[in-house]
Every structure is written in C-alpha cells, then in structure tokens.
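Novice: Here is my input; please provide its structure:
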Amino acid sequence: MEIFYYTLIIICFFSLLYLSWQDIKSQEISRNITLGIVFLALLFNLVALLFYENEQAYQSLLGGLFLGSGFLLCMIITKEKALGMGDVYLFLLMGLLVGLGNIILSLAITIFSALVYSVFKFKKLNLKQKIPFVPFITLGIFSTIIIVSFLL
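Specialist: Numbers count the residues shown, from 1 in each chain. Below is the predicted model of the structure:
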C-alpha cells in the first residue's frame, strides 16, 4: 500500500511543479491535469478506505471535503475575484494529500509563503495585485508531507 502512496505523491509533485510553471507564465493552469491528479488522489483514498479500512484515507477524504467546499464557498462569495476554480481544485487536492489533521499547517505554509513573496515583490501589500498562487499551494502541500513524514 505504501508504494502506491509514494507513487501518488511523486505523480502529484511533478504535476504540481508543471502547473506552478504554467501559473507563473500565464496565470492559468491546465484543467485536465488538475482534475486528473484530483481524481487520482480521490480514487487512491477511496480504495484505501474501502478495501484496506485505512484511517488516514478517511482523514484525507474529510480534509478534501473540508478544504474543497470551504474554498468553493470563498470563490462563490468573491465571484472568482480572490480565487479561481483551479485554486479550489488544488485546495481539494491539498486536503486529499495531507489529511484533515494537517490542513492548518499546510494552509499556514501556503499563505505565509505567498505573503512573504508579495511583500518582497511589491514592497507593500496591495490586495489588487495578482500573484501566481499554485507555487505556494505546492509548497504548502509538499512541505507538510515532508514535515509530517520525516520530522514528526
């Protein structure tokens, strides 16, 4: 089971690196790649839960549901001015990969790193400036996975 988890992590890592590059270049990301890795993570967690009764898979599905629905609501309220649907899919993926118990850490890393970048890039905070957010989501996800897997 672990080999499948690490394979999923590697696939997601390289896909998110590519999506980060796309976001930096064009402020848009591939919907097909995004939905593909979300589907893969969802499928992995469902199989792990249904066939192996894996507690972590249950926590990951709850994390995906919590983050995905929360950021979908944020997107609807702001009428896509703060976040796009691609960001919502990536926060759903974040929940699926890090689990319910680790989403606060992952979100903190994501938001803090985006804030630091914005301060250095724009010299002052301006909420109207657009920044590529996918690289920070990627950093949040994989920093959390590394911290939880190897340091805790």
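Novice: center of this protein - which residue?
Specialist: The centroid of the chain falls nearest to Met94 when counting by C-alpha atoms, centre = their mean (3.2 Å).
Novice: Give me the nearest residue to that one, chain neighbours excluded.
Specialist: Ile141 (5.2 Å; C-beta to C-beta, 6 or more residues apart in numbering). Where C-beta positions appear, they are placed from N, C-alpha and C, glycine not excepted.
Novice: Using neighbour counts, pick out the buried residues of whichever helix or strand the one you found is part of.
Specialist: Per DSSP states H and E: Ile141 is located in helix 134-146. Residues 134-145 are the ones in helix 134-146 that count as buried (16 or more other C-beta atoms under 10 Å).
Novice: hang on, the earlier thing: any idea which element the residue nearest to the centre of the chain lies in?
Specialist: helix 85-98.
Novice: how about the CA coordinates for that helix, as PDB?
Specialist: Extracted C-alpha coordinates of helix 85-98, given in PDB (Å, rounded to 0.1, in the frame of the first residue of the first chain):
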ATOM      1  CA  MET A  85     -11.800  27.200  -9.800                       C
ATOM      2  CA  GLY A  86      -8.300  25.800 -10.400                       C
ATOM      3  CA  ASP A  87      -7.300  27.000  -6.900                       C
ATOM      4  CA  VAL A  88     -10.400  25.300  -5.500                       C
ATOM      5  CA  TYR A  89      -9.400  22.000  -7.100                       C
ATOM      6  CA  LEU A  90      -5.900  22.400  -5.700                       C
ATOM      7  CA  PHE A  91      -7.100  23.100  -2.200                       C
ATOM      8  CA  LEU A  92      -9.300  19.900  -2.600                       C
ATOM      9  CA  LEU A  93      -6.100  18.100  -3.600                       C
ATOM     10  CA  MET A  94      -4.300  19.600  -0.600                       C
ATOM     11  CA  GLY A  95      -6.900  18.100   1.700                       C
ATOM     12  CA  LEU A  96      -6.700  14.700   0.000                       C
ATOM     13  CA  LEU A  97      -3.000  14.600   0.200                       C
ATOM     14  CA  VAL A  98      -2.300  16.000   3.700                       C
END
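Novice: Also compute the angle for whichever helix or strand comes after it relative to helix 85-98, please.
Specialist: The C-terminal neighbour of helix 85-98 among helices and strands, as given by DSSP H and E, is helix 103-122. Angle of helix 103-122 versus helix 85-98, following axes from the mean of the first three to the mean of the last three C-alpha atoms, to 10 degrees, is 140 degrees.
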